[in-house]
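pasting the sequence and the predicted model now:
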Amino acid sequence: MGFRKKNKSPPVLSHEFVIQNHADMVSCVAMIILLGLMFEVTAKFAIMFITVQYNVTQTSEDKPEPVNFYQYGPKDIATVFFYLLIAIILHALIQEYILDKINRRLHLSKTKHSKFNESGQLAAFYLFSFIWGCSILTAEEFVTNPTFLWEGYPHTHMAFQVKFFYICQIAYWFHALPELYFQKVRKEDIPRQLYYICLYIFHITGAYILNLHRLGLVLLVPHYLVELLFHASRLFYFSNENKQKGFTLWALLFVIARLLTLTLSVLTFGFGLSRTDNQGFSLADGNFNVLTVRMTCLSAICLTQAWMMWKFINFQLKKWREQSQIQASKKKAVSPKSKPTKKESSRGGSVNGVMKPEDKTSPRARKTKAS
């Protein structure tokens, strides 16, 4: 009876060792930060990583009770770092306990395997962010009053849910950068994923720093809905290639989301902020309402939407070509065999004047030799 060969563990701190155990290593770092709350000496530093900073209490005539708001500052970097660690841990849990088990049943190729993992992770994030964003929009009443996007700018004060939402968004997209290494993403897919990761970081961080969190939240929610539908449709497609109806609905909502983004952006930067009384540039007050900043933001949004539409058109053209090729191949396979011509039928099965050997009849009878 032979012994089973055990897989050798990789050397400590090697690339393979870090990739296999990165979730455990990150969990240790997060636990060290949490343990810092137990001691008075380190509690002040640990709280900076875990809780949301820059609390401001305000009272108004309508609400006699004090209301807590939040601003942003350099300490938010520590908070983003901590929730970046949490995002890496959750990423590993979803990968190991959900996606890997489904992959074993589907038996996908390497290319589809990497795309399935990408869509599975993003679909979970988009679903969570969409539900969270909708709850904030209904609570803050951003949708019912469009002028709320620019009235009272600069919007230096944020509710707890709004600030925590932005902290988690920035942390998630920053965590996606080391995940390219941890998940062994193929070299062909790295540029494509880097493009959209950097665009998310640029736009979300820009809206957070420029005190445009109201507009950013309103634009993110429908965008996440469209992306959720796309990745969910791709997951169903990998499980069964006949399930492609979701892509049609996604294509329709994608165009609507792009038009909605451009409309709200032009309305906010071109008409709303340009007509407010509080014009000027002040880092201390958080006021960035000048023509240069407005035009830069609007140009960045328009260029991003144009780039997304260009990618969308190329994707649709590629998909239509593949479908046309598949339909053409099916027609060739289903087409009936060509019928024999009149000349061939009149020859009685002869080919070039010679009888086929399969024919049983012959023009001459064989002579039998007398014994």
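Everything's here; your move.

longest helix in this structure, please.
Scanning the chain for the longest helix, with DSSP state H as the assignment, gives helix 291-334.

what about that helix, average pLDDT?
Looking at helix 291-334 alone, the average pLDDT works out to 89.

and the angle for the helix or strand where residue 215 lies with helix 291-334?
Element membership of residue 215, judged by DSSP states H and E, is helix 213-239. Per axes from the mean of the first three to the mean of the last three C-alpha atoms, to 10 degrees, the angle that helix 213-239 makes with helix 291-334 is 10 degrees.

count of neighbours near the nearest residue to residue 9 once chain neighbours are set aside?
The spatial neighbour of residue 9 that comes closest, neighbours along the chain excluded (C-beta to C-beta, 6 or more residues apart in numbering), is residue 17 at 7.6 Å. Every residue, glycine included, has its C-beta placed from N, CA and C. For residue 17, the neighbour count with other C-beta atoms under 10 Å is 14.

give me the number of residues near residue 65?
Residue 65 has 6 neighbours, counted by other C-beta under 10 Å.

likewise for residue 109?
By other C-beta under 10 Å, neighbour count at residue 109 equals 11.

please, which helix or strand holds the residue most central in space within the chain?
By C-alpha atoms, centre = their mean, the mean C-alpha position of the chain lies nearest to residue 122, the distance being 4.5 Å. Assessed by DSSP H and E, residue 122 sits inside helix 110-140.

and the next element down the chain from that helix?
helix 160-182.

what comes up buried for the next helix or strand after that next one?
As assigned by DSSP H and E, the chain's next helix or strand after helix 160-182 is helix 190-209. Of the residues in helix 190-209, 193, 196-197, 200-201, 203-205, 207-208 count as buried by neighbour count, 16 or more other C-beta atoms under 10 Å.

do the same with stretch 95-104
Using 16+ other C-beta under 10 Å as the test for burial, stretch 95-104 gives 95, 99, 103.

how many neighbouring residues does the nearest residue to the first one once chain neighbours are set aside have?
If you skip the residues right next to it in sequence, residue 95 has residue 117 as its closest partner in space, 6.7 Å away by C-beta to C-beta, 6+ apart. By the criterion of other C-beta under 10 Å, residue 117 has 19 neighbours.

residue 290 too?
Using other C-beta under 10 Å, residue 290 is surrounded by 14 other residues.

ok, residue 312 next?
15.

contacts only, for it.
Neighbouring residues of residue 312 by C-beta atoms under 8 Å, 6 or more residues apart in numbering: 251, 254-255.

same thing with residue 268?
149-150, 215.

I'd like to know which of those is nearest to residue 175.
Distance to residue 175, by C-beta to C-beta, is smallest for residue 215 among the contacts of residue 268, at 24.6 Å.

check which element follows the host helix or strand of residue 86 along the chain.
Using DSSP H and E, residue 86 maps to helix 76-94. Per DSSP H and E, helix 76-94 leads on to helix 100-106 as the next helix or strand towards the C-terminus.

just give me how far that next one sits from the chain centre.
21 Å (C-alpha atoms, centre = their mean, to the nearest Å).

same check on stretch 227-235?
With C-alpha atoms, centre = their mean, you get 9 Å for stretch 227-235.

contacts for that stretch?
By C-beta under 8 Å, 6+ apart, the list of residues contacting stretch 227-235 reads 115-116, 118-120, 122-123, 126-127, 130, 243-244, 246-247, 249-250, 253-254.

can you say which of the residues you listed are buried?
Neighbour-count burial within the contacts of stretch 227-235 applies to 115-116, 118-120, 122-123, 126, 130, 246-247, 250, 253-254; the criterion is 16+ other C-beta under 10 Å.

quick check: phi and psi at residue 68.
phi -90, psi 130 (degrees, to the nearest 10).

give me every residue that touches it.
Here residue 68 is in contact with 55-57, 160 (C-beta under 8 Å, 6+ apart).

which ones among those residues lie within helices?
Those of the contacts of residue 68 mapping onto helices are residue 160, per DSSP H.

can you list the contacts of residue 68 in a markdown table and add pLDDT and distance to residue 303?
Below are the contacts of residue 68 laid out as a markdown table (pLDDT from 0 to 100; distance: C-beta to C-beta, whole Å):
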| residue | pLDDT | distance to residue 303 |
| --- | --- | --- |
| 55 | 93 | 37 |
| 56 | 90 | 35 |
| 57 | 87 | 40 |
| 160 | 94 | 33 |
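
how about stretch 42-61: buried residues?
46-49, 53-54.

in helices, which of these fall?
Counting by DSSP H, the members of the buried residues of stretch 42-61 that fall within helices are 46-49.

how about those in TSV, adding pLDDT and distance to residue 166?
What follows is those, written out as TSV (pLDDT from 0 to 100; distance: C-beta to C-beta, whole Å):
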residue	pLDDT	distance to residue 166
46	94	22
47	94	19
48	93	17
49	96	17
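
for those, which one is nearest residue 334?
Nearest member of these to residue 334, counting by C-beta to C-beta, is residue 49, at 64.4 Å.

what pLDDT does the closest residue to that closest one other than its chain neighbours get?
Take residue 49 and drop its neighbours on the chain: the residue closest to it by C-beta to C-beta, 6+ apart is residue 82, 4.1 Å away. pLDDT, residue 82: 97.
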